[in-house]
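Q: Just the structure for this:
(one chain, ligands or ions: 1)
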Amino acid sequence: MSMPMTEPDALVRFGYEQAPAELLLQQPDVLAVIGFGASAALPSDPRVLRVGLEPVQASALEVWRGVAPVHSGRDGDLRWSSDGEHLFFAIEADEAAHGGIVAAAQYAYHTLTAFVSGGSTPHLLRLWNYLDAINLGDGDEERYRRFCDGRAQGMRAAAGTRYPAATAIGRQDGVRVLQVYGLAARNAGAAIENPRQVSAWRYPRQYGPTAPTFARGMRTSAAQLLISGTAAVVGHASRHEDDLDAQIEETLANLDSLLRQAAVPDAQLGAGSLLKAYVRDAADAAVLEAALRRRVPRLGGLLLLAGDICRRELLVEIDGSHHAAS
Ligand code: 3EB
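A: So this is what the prediction gives:
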């Protein structure tokens, strides 16, 4: 049997949906269902992932829809689903079982890059990384920096210097299991950098021995941009320590700049934008949401999650996707 034909830029569609996960999983185009927090009701299925970040309000499920019927499976610790054009994959690595966060990250990245590069959807587009206690440890011992070491070692062979878009956020659940999931595709994307920011892989030594290996954004087609975790970083420096409002404004300025640089049609946050906003302190969520609703009145969707940003002075980070509003 041959795969169904798809349009050259047939895209994964992302959405936040309220339906029960069991119903969503019966739909043939569903590539992934991601639930947030300990109480999300989720069946066991290779397409389903529970992320241990607590939603700040009643939370929807994040649903990815492909362009053709989806098949799925498991391969060791990795689970995956594919519509023939796009691959969802997820891997969870217990830190103690691997001998620490460095080895767990190395294992997760080695496993996922080997799996992805060996298949018919070999181009890594987007990765999410969630780990407990991301700011624990001082200086180069900080767990985020050590995660960056292991990630770079694990992905080196496969990714070279062409990095996917990414997010790395700290869970507050005390569970020392690294969660990594992402999207790969048959067609390569175009990595986008932000003119207001130094590329993360060029960060100077002061931020750790291994610079973070991600692109600021990934255009999957002329009309869709995947937006990496974006915070109040200008150049390579964190801005507006202890000032939530100013960090939100700086983050929005960075997002505006990234969308302009990507030159997607309708390059403004709006109805075509789906955002996840992470707040270190759940009590900051109301201020963040009010600012987002004011600045982006027709926002397509918003999930507010409690999570630690990878630099301890940062209070908020936003990621998401954007496509031309139809
Ligand atoms: C920054 O601009 C904020 O290590 O994968 C954002 C997105 C950040 C991804 C990562 C880190 C990562 O450096 C932190």
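
Q: so where does the closest residue to the ligand within the chain fall, helix or strand?
A: Nearest residue of the chain to the ligand: Gly229, at 3.1 Å (C-beta to the nearest ligand atom). No exception for glycine: its C-beta is placed from N, CA and C like everyone else's. In this assignment (DSSP states H and E), Gly229 forms part of strand 224-230.

Q: Kindly report the same for Asn254.
A: Using DSSP H and E, Asn254 sits in helix 244-262.

Q: Do any residues in that helix lie close to the ligand?
A: No: using C-beta under 6 Å from any ligand atom, we find that helix 244-262 stays clear of the ligand, coming within 8.2 Å at best.

Q: What are the buried residues along that helix?
A: 244, 247-252, 254-255, 257-259, 261-262 (16 or more other C-beta atoms under 10 Å).

Q: go on, stretch 99-106?
A: Ile101, Val102, Ala103, Ala104, Ala105, Gln106.

Q: following the host helix or strand of Glu92, which helix or strand shows up next?
A: Element membership for Glu92, per DSSP H and E: strand 86-94. Sequence-wise, the next helix or strand downstream of strand 86-94 (DSSP H and E) is helix 95-98.

Q: So Val63 is in contact with Val33, correct?
A: Yes: counting by C-beta atoms under 8 Å, Val63 does reach Val33; the two are 5.7 Å apart.

Q: Residues contacting the strand holding Glu92, please?
A: 12, 31-32, 47, 49, 64, 66-67, 77-82, 104-105, 107-108, 111-112, 115-116, 119, 121, 176-186 (C-beta atoms under 8 Å, 6 or more residues apart in numbering).

Q: Tell me where the model's unsure across the stretch 101-250 of the chain.
A: 157-161 (pLDDT under 70).

Q: Tell me where it has strands.
A: Assigned by DSSP state E, counting those that start in this stretch, the strands in the stretch 101-250 of the chain fall at 123-132, 165-171, 177-185, 190-192, 217-221, 224-230, 233-234, 237-238.

Q: Compare those and give me the one nearest Arg293.
A: Checking the strands of the stretch 101-250 of the chain against Arg293 by C-beta to C-beta gives strand 224-230 as the closest, at 18.0 Å.

Q: got a list of what the residue nearest the centre of the chain touches?
A: By C-alpha atoms, centre = their mean, the chain has its centre lying nearest to Trp128, at 3.5 Å. Taking C-beta under 8 Å, 6+ apart, we find Trp128 in contact with Val51, Ala166, Thr167, Ile169, Gln179, Val180, Tyr181, Gly182.

Q: who has more neighbours, Val63 and Val33?
A: Val33 (27 against 22; other C-beta atoms under 10 Å).

Q: which SSE is Leu42 in?
A: Going by DSSP H and E, Leu42 is not part of any helix or strand.

Q: about what we covered before: can you redo the contacts of Trp128 as JSON lines with distance to Leu292?
A: Shown next, in JSON lines, are the contacts of Trp128 (distance: C-beta to C-beta, whole Å):
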{"residue": "Val51", "distance to Leu292": "21"}
{"residue": "Ala166", "distance to Leu292": "22"}
{"residue": "Thr167", "distance to Leu292": "17"}
{"residue": "Ile169", "distance to Leu292": "17"}
{"residue": "Gln179", "distance to Leu292": "25"}
{"residue": "Val180", "distance to Leu292": "27"}
{"residue": "Tyr181", "distance to Leu292": "24"}
{"residue": "Gly182", "distance to Leu292": "25"}
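
Q: Mark which of these are buried, thanks.
A: Buried among the contacts of Trp128 (16+ other C-beta under 10 Å): Val51, Ala166, Thr167, Ile169, Gln179, Val180, Tyr181, Gly182.

Q: do you know how far Leu127 is from Pro164?
A: Using C-beta to C-beta, to the nearest Å, Leu127 is found at 5 Å from Pro164.

Q: What residues does the protein have near the ligand?
A: Going by C-beta under 6 Å from any ligand atom, the residues of the chain near the ligand are Asn129, Ala166, Thr167, Ala168, Ala200, Pro212, Phe214, Ser228, Gly229, Ala231, Val233, Cys310.

Q: what are the phi and psi angles of the residue lying closest to Glu142 once chain neighbours are set aside?
A: Nearest non-adjacent residue to Glu142, counting by C-beta to C-beta, 6 or more residues apart in numbering: Asn135, 6.2 Å away. The phi and psi values for Asn135, taken as degrees, to the nearest 10, are phi -100, psi 10.

Q: So what's the residue count around Asn135?
A: Asn135: 18 neighbours (other C-beta under 10 Å).
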